[in-house]
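Based on what follows, work out the 3D shape:
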Amino acid sequence: MPLVTVTVPKPKTVEFKSAVLAAVHQALVASGVPQADRFQRVLELDAADFRYDPSYPDLASARDNSFVLIEILFSEGRSVKVKKKIVADVLAALTAEPLRLSPEHVMIVFKETRWENWVFGGGRFIHV
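Predicted structure coming up:
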(Lines give C-alpha, C1' and ligand atoms only; values in the text may rest on other atoms or scores of the structure.)
Protein backbone atom coordinates (compact mmCIF):
# COMPACT_ATOMS: atom_id res chain seq x y z
CA MET A 1 0.00 0.00 0.00
CA PRO A 2 1.83 3.08 -1.14
CA LEU A 3 1.05 6.39 0.50
CA VAL A 4 1.77 9.20 -1.96
CA THR A 5 2.38 12.79 -0.90
CA VAL A 6 2.80 15.45 -3.56
CA THR A 7 4.06 18.83 -2.39
CA VAL A 8 3.79 21.83 -4.71
CA PRO A 9 4.06 25.60 -4.45
CA LYS A 10 0.77 27.51 -4.47
CA PRO A 11 -1.28 28.03 -6.54
CA LYS A 12 -2.09 24.89 -8.54
CA THR A 13 -5.31 23.98 -10.30
CA VAL A 14 -7.36 20.93 -9.46
CA GLU A 15 -6.53 19.64 -12.95
CA PHE A 16 -2.78 19.99 -12.33
CA LYS A 17 -2.94 18.17 -9.01
CA SER A 18 -5.18 15.44 -10.43
CA ALA A 19 -2.84 14.90 -13.39
CA VAL A 20 0.20 14.54 -11.11
CA LEU A 21 -1.60 12.10 -8.82
CA ALA A 22 -2.86 10.10 -11.80
CA ALA A 23 0.67 9.88 -13.26
CA VAL A 24 2.08 8.57 -9.99
CA HIS A 25 -0.77 6.12 -9.48
CA GLN A 26 -0.51 4.69 -12.98
CA ALA A 27 3.25 4.19 -12.54
CA LEU A 28 2.62 2.37 -9.26
CA VAL A 29 -0.09 0.20 -10.84
CA ALA A 30 2.31 -0.67 -13.69
CA SER A 31 4.77 -1.82 -11.01
CA GLY A 32 2.24 -4.22 -9.47
CA VAL A 33 0.24 -2.09 -7.04
CA PRO A 34 -3.49 -2.91 -7.20
CA GLN A 35 -5.60 -0.31 -9.05
CA ALA A 36 -7.83 0.21 -6.00
CA ASP A 37 -4.84 0.80 -3.69
CA ARG A 38 -4.94 4.59 -3.88
CA PHE A 39 -3.97 6.66 -0.85
CA GLN A 40 -2.79 10.10 -1.92
CA ARG A 41 -2.53 13.62 -0.62
CA VAL A 42 -1.43 16.96 -2.01
CA LEU A 43 0.22 19.64 0.08
CA GLU A 44 -0.01 23.00 -1.64
CA LEU A 45 2.21 25.43 0.23
CA ASP A 46 3.02 29.14 0.25
CA ALA A 47 6.59 30.10 -0.61
CA ALA A 48 7.28 30.79 3.07
CA ASP A 49 6.39 27.18 3.90
CA PHE A 50 8.06 25.36 1.00
CA ARG A 51 11.73 26.08 0.50
CA TYR A 52 13.99 24.33 -1.97
CA ASP A 53 17.24 25.08 -3.69
CA PRO A 54 16.65 26.17 -7.29
CA SER A 55 19.58 24.24 -8.77
CA TYR A 56 20.86 21.52 -6.41
CA PRO A 57 22.48 19.22 -7.50
CA ASP A 58 23.71 20.94 -10.65
CA LEU A 59 20.44 21.00 -12.60
CA ALA A 60 20.35 22.04 -16.23
CA SER A 61 17.54 24.52 -15.49
CA ALA A 62 16.56 26.15 -12.22
CA ARG A 63 13.51 24.97 -10.35
CA ASP A 64 10.64 27.42 -10.42
CA ASN A 65 7.00 27.50 -9.33
CA SER A 66 6.38 24.32 -11.34
CA PHE A 67 8.52 22.26 -8.92
CA VAL A 68 6.85 19.02 -7.81
CA LEU A 69 8.10 16.96 -4.87
CA ILE A 70 6.71 13.41 -4.88
CA GLU A 71 7.14 11.19 -1.84
CA ILE A 72 6.20 7.53 -2.14
CA LEU A 73 6.03 5.59 1.11
CA PHE A 74 5.66 1.88 0.62
CA SER A 75 6.64 -1.43 2.12
CA GLU A 76 10.25 -2.44 1.80
CA GLY A 77 11.43 -4.93 -0.74
CA ARG A 78 11.18 -3.27 -4.15
CA SER A 79 14.31 -3.50 -6.22
CA VAL A 80 16.22 -0.55 -7.66
CA LYS A 81 15.07 -1.78 -11.08
CA VAL A 82 11.41 -1.44 -10.06
CA LYS A 83 12.02 2.01 -8.55
CA LYS A 84 13.78 3.17 -11.73
CA LYS A 85 10.80 1.98 -13.77
CA ILE A 86 8.40 3.90 -11.51
CA VAL A 87 10.53 7.04 -11.93
CA ALA A 88 10.65 6.60 -15.71
CA ASP A 89 6.88 6.11 -15.92
CA VAL A 90 6.13 9.11 -13.69
CA LEU A 91 8.48 11.37 -15.64
CA ALA A 92 7.11 10.19 -18.99
CA ALA A 93 3.60 11.13 -17.88
CA LEU A 94 4.52 14.45 -16.27
CA THR A 95 6.62 15.66 -19.21
CA ALA A 96 3.86 14.86 -21.73
CA GLU A 97 0.61 16.71 -22.41
CA PRO A 98 -1.15 18.29 -20.64
CA LEU A 99 1.42 19.17 -17.95
CA ARG A 100 4.64 19.28 -19.98
CA LEU A 101 6.78 19.68 -16.85
CA SER A 102 10.52 19.80 -17.09
CA PRO A 103 12.00 16.59 -15.67
CA GLU A 104 14.48 18.85 -13.88
CA HIS A 105 11.58 20.23 -11.84
CA VAL A 106 10.40 16.88 -10.50
CA MET A 107 11.92 15.27 -7.42
CA ILE A 108 10.88 11.78 -6.34
CA VAL A 109 11.71 10.33 -2.94
CA PHE A 110 11.07 6.70 -2.04
CA LYS A 111 10.62 5.87 1.62
CA GLU A 112 10.32 2.28 2.76
CA THR A 113 8.84 0.81 5.89
CA ARG A 114 8.39 -2.73 7.15
CA TRP A 115 5.13 -4.54 6.46
CA GLU A 116 4.11 -4.60 10.12
CA ASN A 117 3.98 -0.79 10.18
CA TRP A 118 0.79 -0.65 8.08
CA VAL A 119 -2.41 -0.59 10.13
CA PHE A 120 -5.64 -0.34 8.15
CA GLY A 121 -9.19 0.44 9.26
CA GLY A 122 -10.30 -1.05 12.56
CA GLY A 123 -6.72 -1.56 13.75
CA ARG A 124 -6.14 -4.49 11.37
CA PHE A 125 -2.58 -5.43 10.56
CA ILE A 126 -3.19 -7.22 7.28
CA HIS A 127 0.42 -8.03 6.50
CA VAL A 128 1.60 -9.45 9.84
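
nearest spatial neighbour of residue 83, skipping sequence neighbours?
residue 110 (5.6 Å; C-beta to C-beta, 6 or more residues apart in numbering). For the C-beta atoms, the positions are set from N, CA and C on the backbone; glycine is no exception.

That neighbour pairs with what?
On the basis of DSSP bridges, residue 110 is bridged to residue 72.

Quick one: neighbours of it, just the number.
16 (other C-beta atoms under 10 Å).

next one: residue 86
For residue 86, using other C-beta under 10 Å, the count is 23.

which residues does it contact?
Contacts were defined as C-beta atoms under 8 Å, 6 or more residues apart in numbering; by that measure residue 86 touches 27, 28, 30, 31, 72, 108.

Quick check: it is in a helix.
Yes. Counting by DSSP: H, G, I helix; E, B strand; the rest coil, residue 86 is part of a helix.

Pull up the per-residue confidence for it.
pLDDT, residue 86: 98.

gap between the residue nearest to residue 83 and residue 86?
Between residue 110 and residue 86 the distance is 8 Å, computed by C-beta to C-beta, to the nearest Å.

Residues that sit against both of those two, list them.
Taking C-beta under 8 Å, 6+ apart as the contact rule, residue 110 and residue 86 both touch residue 72.

In the contacts of residue 86, find the pair that's most separated.
30 and 108 (14.8 Å; C-beta to C-beta).

Same drill for the two, tell me which one is more crowded.
Higher neighbour count among residue 30 and residue 108: residue 108, with 17 against 13, using other C-beta under 10 Å.

Alright, that wraps it up for me.
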